[in-house]
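Asks: sharing a model that was predicted from the sequence below.
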There are 4 protein chains.
Amino acid sequence: MKDIDKFEEECGVFGVFSKEEIDISHLTYYGLFALQHRGQESAGIAISNKKKLSCYKNMGLVADVFDEKILSSMKGNSAIGHVRYSTTGDSNVINAQPILCDFKLGKIAIAHNGNLLNISKLKEFLKDKGTAFQTTTDSEIILNLIARQADKSIEDAVISAIKVIKGSYALAILTEDKLIGVRDPNGIRPLCIGKINESYIICSESCALNSVGAKFVRDVMPGEMVVIDNEGIKSIYYSKNKKCAVCAFEYIYFAREDSIIDGIDVYLARSLAGKHLYKETPVEGDVVIGVPDSGIPAAIGYSKASGIPYQLGFIKNRYIGRTFIVPSQKIREKSVSIKLNPIKRNIAGKRVIVVDDSLVRGTTSRQIVKSLRKCGAREVHFRVASPMVKHCCELGIDIFNKKEIVGSSMKIDEIKKFIGADSLGYLSIDGLLKVFEKNEGFCLGCFNGNYPVK
Amino acid sequence: MKDIDKFEEECGVFGVFSKEEIDISHLTYYGLFALQHRGQESAGIAISNKKKLSCYKNMGLVADVFDEKILSSMKGNSAIGHVRYSTTGDSNVINAQPILCDFKLGKIAIAHNGNLLNISKLKEFLKDKGTAFQTTTDSEIILNLIARQADKSIEDAVISAIKVIKGSYALAILTEDKLIGVRDPNGIRPLCIGKINESYIICSESCALNSVGAKFVRDVMPGEMVVIDNEGIKSIYYSKNKKCAVCAFEYIYFAREDSIIDGIDVYLARSLAGKHLYKETPVEGDVVIGVPDSGIPAAIGYSKASGIPYQLGFIKNRYIGRTFIVPSQKIREKSVSIKLNPIKRNIAGKRVIVVDDSLVRGTTSRQIVKSLRKCGAREVHFRVASPMVKHCCELGIDIFNKKEIVGSSMKIDEIKKFIGADSLGYLSIDGLLKVFEKNEGFCLGCFNGNYPVK
Amino acid sequence: MKDIDKFEEECGVFGVFSKEEIDISHLTYYGLFALQHRGQESAGIAISNKKKLSCYKNMGLVADVFDEKILSSMKGNSAIGHVRYSTTGDSNVINAQPILCDFKLGKIAIAHNGNLLNISKLKEFLKDKGTAFQTTTDSEIILNLIARQADKSIEDAVISAIKVIKGSYALAILTEDKLIGVRDPNGIRPLCIGKINESYIICSESCALNSVGAKFVRDVMPGEMVVIDNEGIKSIYYSKNKKCAVCAFEYIYFAREDSIIDGIDVYLARSLAGKHLYKETPVEGDVVIGVPDSGIPAAIGYSKASGIPYQLGFIKNRYIGRTFIVPSQKIREKSVSIKLNPIKRNIAGKRVIVVDDSLVRGTTSRQIVKSLRKCGAREVHFRVASPMVKHCCELGIDIFNKKEIVGSSMKIDEIKKFIGADSLGYLSIDGLLKVFEKNEGFCLGCFNGNYPVK
Amino acid sequence: MKDIDKFEEECGVFGVFSKEEIDISHLTYYGLFALQHRGQESAGIAISNKKKLSCYKNMGLVADVFDEKILSSMKGNSAIGHVRYSTTGDSNVINAQPILCDFKLGKIAIAHNGNLLNISKLKEFLKDKGTAFQTTTDSEIILNLIARQADKSIEDAVISAIKVIKGSYALAILTEDKLIGVRDPNGIRPLCIGKINESYIICSESCALNSVGAKFVRDVMPGEMVVIDNEGIKSIYYSKNKKCAVCAFEYIYFAREDSIIDGIDVYLARSLAGKHLYKETPVEGDVVIGVPDSGIPAAIGYSKASGIPYQLGFIKNRYIGRTFIVPSQKIREKSVSIKLNPIKRNIAGKRVIVVDDSLVRGTTSRQIVKSLRKCGAREVHFRVASPMVKHCCELGIDIFNKKEIVGSSMKIDEIKKFIGADSLGYLSIDGLLKVFEKNEGFCLGCFNGNYPVK
């Protein structure tokens, strides 16, 4: 159910280490299930029973890749899991994660959320040393960097490896007897720690902890590596040059509303974004509606701040399945909307304020405005609960051609015209920082062009 | 994504007749896709090219049953389609609809939404006459009744058949050259007519018309049969004893919010139900939340009427896929919730008013209250935007054992205790009629035990 | 692995009745597996546990349709099974057998091998009486005829039904408490009885008895119905006009070599056909080869009679799987042969006598001659171990357009030219009867145009 | 359709290089199809269009892995393909071949038939250098050895790699612009060269050449590497210590009868083995039968030499499909045989001489003797058309535990008793060499314990 008009997250990771042999595979399954919004292309779990690592992965949703028979056959006391959204077009099972390898120090599996920036340099270096790459994943590069340091301990090998990679990464690494979590020096992608009985968990978002009944312990810090084994949990700060710059889009769109990332409640952030959006771009109207699902909290916030009543604006048809046939141009033009149908009662004859979380390419926004007008809206005021996206991102979210980002080439009035709205308003960067109640600690690169990593 | 705590609809039907050979199969596909909420077990399309009827059907969602290759191979100028939710346990492809037959007058296909009450008598009669039943569907009974009248015209044969059946039925019937729609004398299940260019459509709900770009013409009337062929559309009132008694649950839960049934806007009805619910059962609180998805409009209505702020209460995980593994008791107890996770920010420390559309078995309501408390709710006030369900239904919705209906054996206080809420309120039957702004024309059997058909 | 150059059998049937509840489903599975050569399109089993009949069937091989989980779920003490080869083009799961029905006397399932000749008359009659046909199978016609006689006992109802059908039929019928086998008055299709402990079996060929460890008891006689229930086995001769006319092609091609049908050993018949073929059409040569698999026994017989050494002539590639891609014209012309490759050592420079069981369309024979020449054969003498096929058959084998049967329009010299052989010889009809060591009791219609049923 | 009683081949390889862009993927498909007997577990094709290498592979038969859509999407002018039989138990798609990698010199794909002996040493060496292994295949080891030499030309890199590996190997290697074939210094596994128009082919057996219409050019020599590119074909002898020792089992069992390997015709070899077997172990009997399929040519040879008539002895049921359910002990004991049923006519009351190609574990032989006796054989004389297998093999054929090889612990009389035959005879090693008409050039290790590689 990919929305081609949004930035897209690459992945979610999950890891668990228990002293006892508990039902690790099911726990990992439900953890990944809670992270499914971070990637729907492939899913995988690697598991260790202290002696042996094995891995099962395939294309598809967590609930489709795994069945009871497979899960029951996966026994062990520690595991990592991964859900993937492909950004590169290499949508192939060979690129599914975790990637499991056999190297000098034993077996190792790795799952990665993020994007490396110095890939070509790293690949050149490794190829010079004789590496033959079987996939196009960053994980395989990291694995090979680790394997080349295998005269050291596994912790030192991992540290050596991550010292040469640049970019964003939240890693879950599994060996026969250790679970390792790593967050990049800028903490661009989130990673947190939870606990359930005597088992430790690391995962991309705290919503996965709720879903398996674990307690939130804390976020992994930028530049921190945590090592979990039979001795307990150990923290290593591997980088001195750390400076928190978590991706602002996690709060705007990627994360699930019931997660808390680096101390900021995602739902609250989206709701406050709606409130500040109204303050910055007030407009008269009869009804406030949100674009489902990620525009809803901001729409509620906008409604509260403005006193203009909130209503449901659209019915989203969720029965897309795996093989939905995209309607032809002819049918599409005739229908109001097949996937997102306006509720006439709340639209017709009204001055509609429609709130979305972000606006990147503008094509869906345009369709939305069109279908609202077709449905009888008297006026359509488009409000975007984040700043104008002007720049491409290479730190782990889907890379558009810069030309496709409307904010990179058009002014706000042109965009308004392009999407056909009566008025258009964005939240300012300052407004966004007010939402976060902090002036720094975020990557705002896609808004202002300043990226924490070059 | 079946919710075991709700009544369940059986089916949705769709039919289209065009004078030209247009892309009938794709149109029917999108029509059924919009009716998918009425049944997710099986899907099928029968198509006629004036000379030949053919049918394709299988278990699963519309988007999974059909692919481009199958749709492209189905050419014709008229079609009917069906989505099915199984109530009987005979979840088998042999019971998928439409059912296609070859009889005296040619080929005929039929799709049915509803439930017959005099099945055993009809089956006994037909078996006495030599009928051998291959399925356990009502449609096969109706087909055999029609086939036994094949010395008449097809219209007369259909009328003869439906004069002996009792219960609820919205039928779409296809022959080589005609599309026939029938609604039972009480209009218990909805059926409406639309038009797109020179093509007529009949379908269970008007949302399917929007989705293919057709205009709503009117509802089929209780006791009416419409016959569409190259001559145009013809209306036959086959029954004198007609009295509208459309199922109230269509407005409460079954239909999609963007449909209009017998002149009543479904979204508005649900929203007004919330408003009247507040008037009848006011309570102090800090936040109003709805149980997704069908409790949301009533929650918004309750919030508006009460002035208590509306918020999102839950994140619903929609990536269930086809093979989701139900969590074991152990994991379920630990987790707050895997499918429906409360948003802590809006719950913790608050007096929460939670609104659902209906309450039948109460088991899900109980889980919801429990998870809200676990999440830190100070008080939990449960509000139900429909009257107390006390009776079983045999007119086309899932038949529970009467014992499972909490309202049949418990008083309101006992139910409150059972679900663990601080207070519990239902909408009254009078309140519901105020919502509808009509005093009659509805089947309220599950509330008051009075059914239009015995 | 259908050979488009041969007549094709329609079906195989199997039935078993046990007094105890033994592992009926597995036994039926292995029985059908042994009959798989009679039909590879669909497979099905209906089973009764005295109270309830259920049925599972699908497209594909027995070994693909059933898995351990399905078989284990099918419990009972009696069952019938069916493998189907489609002759009509309606290759659809709805036409898979057995067909299970619910009628006046209870539940009934039926499996049929054969072909009815008076279908259109029967269908007209039944449609006049109100029957609606859901499939295009003969079985459904027979079932409806039975159902119309349901005021009688089940035995009488079956007899009434088969008295009005004309054509070939070997039937296995299952009710809650009886297994019934019927062979048509001419015994055109085979059916035999076996016994294992206290369980009786009926099946198309005796090879299925070996395969489940049962003993051969006897053939069902033309015009006989056997009824097996808790009382034992009972024989009813329902027709006076019976005259054995078993299809000669059963011995020539359809049956498995290890079966014995109506007292004639299939392997011996094929081997003797080779012997008589030599006597009638001797030719000088260096080697005798057979076309695999059905031409092999006759080739060995020809070799013995002539003293010319027998050799393997071809390697048959059997890894066709379910989705083999037919080679394009270009590749086909280049390759000697993809499915059937000559063994050069035994061909090159030699005068080759190649023996096949029959010759209908001649297209494969032509390819075989061509590939032998390409491989270096000095001479190619084609010998057919059955008489010249000149007529279409409507009694249960694949109906070609008469034009496609080379023997219907060409003389032997023309056929020789058509297939490109140096000489061509057929077995005479007299020769075939010598093989059988009986002058009558066979249907030789496709050779001489005389069919036992009009 | 794996016969657990035989040695099993590991793989087949195929490669093609054309100057023009012809239909390379279909050609490779039919080539692999002809090699399917060498491995049925997985199949794959890697293809190059001069600029880009891509690969498709999966578990299953060639005809099931590839469909028209996949083949049509694979465009290029050179390709390699692989069919695999797993010996190690790691039956996982990750181990399917070809393996495609990206390394210093570009992309490279490799397909391997054989078995390396110094794996642990090679892996230790490579792990010391930092290699992380993702599969358990020999191919991945070879690839990494090549990648470590990437400062050289691709030819030199390959030579450096194969100079350190020990064991048996027939390799097909594909780069963007070259196809490379390598045969180990002892030529243990076969590899030959063919030509079709301007395209060169390398493949495991000549039968694959026939099947795509190519001409046989010559065998690749032991210790030879052939490099095919736009310049034509180039031969490099990379090893001085070469000494032909082709695996004798290729002639006895692995290869297809229509192949010619190192100048020896496989069919002729098997047929002569039967002749010499008679000379060495004559016995009186009424009929000679062969165990299908590989025992048939020797049985015919035995019959010719002895004058005792040859007959078909068994019907082999070939409809095993992918999910055949192995019969339980109970059914197996009752049935004569489900997969291999004796033809009673040719067995009962007779002194039967049954010829098989080899005898390794003896369990199937025992079943065969048992079923022949059950079928009424008066005497059963077992003849094996190869010498007694006494030793395990590590050069590319399935490794049994030595204990399972009856010849390693039992004398011939004990084996006779074990399988229950009246007499048992093997071909002598001398006899086998007479068959080959050469005294050396073969690996006879499993017979005499002398392996060409330690």
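Replies: Yes, it's here. Numbering: from 1, shown residues only, chains lettered A, B, ... in the order given.

Asks: what's next to stretch A:143-151, contact-wise?
Replies: By CB atoms under 8 Å, 6 or more residues apart in numbering or on different chains, the surrounding residues in contact with stretch A:143-151 are A:99, A:101, A:103-105, A:108, A:110, A:122, A:126, A:129, A:131, A:133, A:154, A:156-158, A:160-161, A:164-165, D:127-132. The way it works is simple: take the backbone N, C-alpha and C, and place the C-beta from them, glycine included.

Asks: can you rerun that using 6 Å?
Replies: A:101, A:103-105, A:110, A:126, A:131, A:157-158, A:160-161, D:130, D:132 (CB atoms under 6 Å, 6 or more residues apart in numbering or on different chains).

Asks: so is the biggest helix by length in chain A next to chain B?
Replies: Of all segments of type helix in chain A, defined using DSSP state H, the longest is helix A:266-280. Yes. Applying CB under 6 Å from any CB of the partner chain, one finds helix A:266-280 in contact with chain B at A:Tyr267, A:Leu268.

Asks: how far off centre is that helix?
Replies: What separates the centre of helix A:266-280 from the centre of its chain is 20 Å, taken as CA atoms, centre = their mean, to the nearest Å.

Asks: give the other helices and strands that it contacts.
Replies: helix A:296-306, helix A:429-436 (3 or more CB pairs under 6 Å, 6 or more residues apart in numbering or on different chains; DSSP states H and E).

Asks: skipping adjacent residues, who's closest to A:Phe314 in space?
Replies: With sequence-adjacent residues excluded and distances taken as CB to CB, 6 or more residues apart in numbering or on different chains, A:Phe314 is closest to A:Leu340, at 4.9 Å.

Asks: returning to what we had before: okay, the contacts of stretch A:143-151 in TSV with distance to chain C next?
Replies: Shown next, in TSV, are these (distance: CB to the nearest CB, whole Å):
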residue	distance to chain C
A:Cys101	33
A:Phe103	38
A:Lys104	41
A:Leu105	41
A:Ile110	36
A:Leu126	40
A:Thr131	37
A:Ala157	46
A:Val158	44
A:Ser160	49
A:Ala161	44
D:Gly130	41
D:Ala132	35
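
Asks: would you list every one of the helices in the stretch 201-350 of chain A?
Replies: Counting by DSSP state H, counting those that start in this stretch, the stretch 201-350 of chain A has helices at residues A:207-212, A:248-249, A:266-280, A:296-306, A:329-334.

Asks: tell me, how many residues neighbour A:Glu21?
Replies: A:Glu21: 12 surrounding residues under other CB atoms under 10 Å in any protein chain shown.

Asks: quick one on the thing from earlier: I'd like to know which of the helices and strands packed on helix A:266-280 is closest to C:Ile331.
Replies: helix A:296-306 (58.4 Å; CB to CB).

Asks: off-centre distance for that closest one?
Replies: 23 Å.

Asks: what's that helix packed up against?
Replies: Using 3+ CB pairs under 6 Å, 6+ apart, helix A:296-306 sits against helix A:266-280, strand A:287-290, strand A:351-356.

Asks: save the ones you listed as JSON lines, and put in distance to C:Glu333 and mean pLDDT too.
Replies: Shown next, in JSON lines, are those (distance: least, CB to CB, whole Å; pLDDT from 0 to 100):
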{"stretch": "helix A:266-280", "distance to C:Glu333": "66", "mean pLDDT": "98"}
{"stretch": "strand A:287-290", "distance to C:Glu333": "65", "mean pLDDT": "98"}
{"stretch": "strand A:351-356", "distance to C:Glu333": "61", "mean pLDDT": "98"}
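
Asks: got the ones you listed as a markdown table, with mean neighbour count columns?
Replies: Listed next are the helices and strands packed on helix A:296-306 as a markdown table, based on neighbours: other CB atoms under 10 Å in any protein chain shown:
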| stretch | mean neighbour count |
| --- | --- |
| helix A:266-280 | 24 |
| strand A:287-290 | 27 |
| strand A:351-356 | 26 |
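
Asks: am I right that A:Leu71 is in a helix?
Replies: Yes. Counting by DSSP: H, G, I helix; E, B strand; the rest coil, A:Leu71 is found in a helix.

Asks: where does the stretch 251-400 of chain A dip in pLDDT?
Replies: A:321-323, A:396-400 (pLDDT under 70).

Asks: residue of it with the smallest distance to chain B?
Replies: Going by CB to the nearest CB, chain B is nearest to A:Lys334 of the stretch 251-400 of chain A, at 2.5 Å.

Asks: now do the contacts for that residue.
Replies: In this structure, A:Lys334 makes contact with B:Gly213, judged by CB under 6 Å, 6+ apart.

Asks: export the helices of the stretch 201-350 of chain A to TSV and tack on distance to A:Leu359?
Replies: Compiled in TSV, the helices of the stretch 201-350 of chain A are given as follows (distance: least, CB to CB, whole Å):
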stretch	distance to A:Leu359
helix A:207-212	25
helix A:248-249	13
helix A:266-280	12
helix A:296-306	12
helix A:329-334	21
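
Asks: the residue in the stretch 51-200 of chain A that chain B sits nearest to and A:Tyr85, how far apart?
Replies: Closest to chain B within the stretch 51-200 of chain A is A:Ala63: 3.4 Å, counting by CB to the nearest CB. Using CB to CB, to the nearest Å, we find A:Ala63 at a distance of 16 Å from A:Tyr85.

Asks: same question, A:Ser204
Replies: 12 Å.

Asks: more neighbours: those two, which one.
Replies: A:Ser204 (33 against 20).

Asks: ok, for that one, nearest residue in space, not its chain neighbours?
Replies: Per CB to CB, 6+ apart, closest to A:Ser204 is A:Gly12, 4.4 Å.
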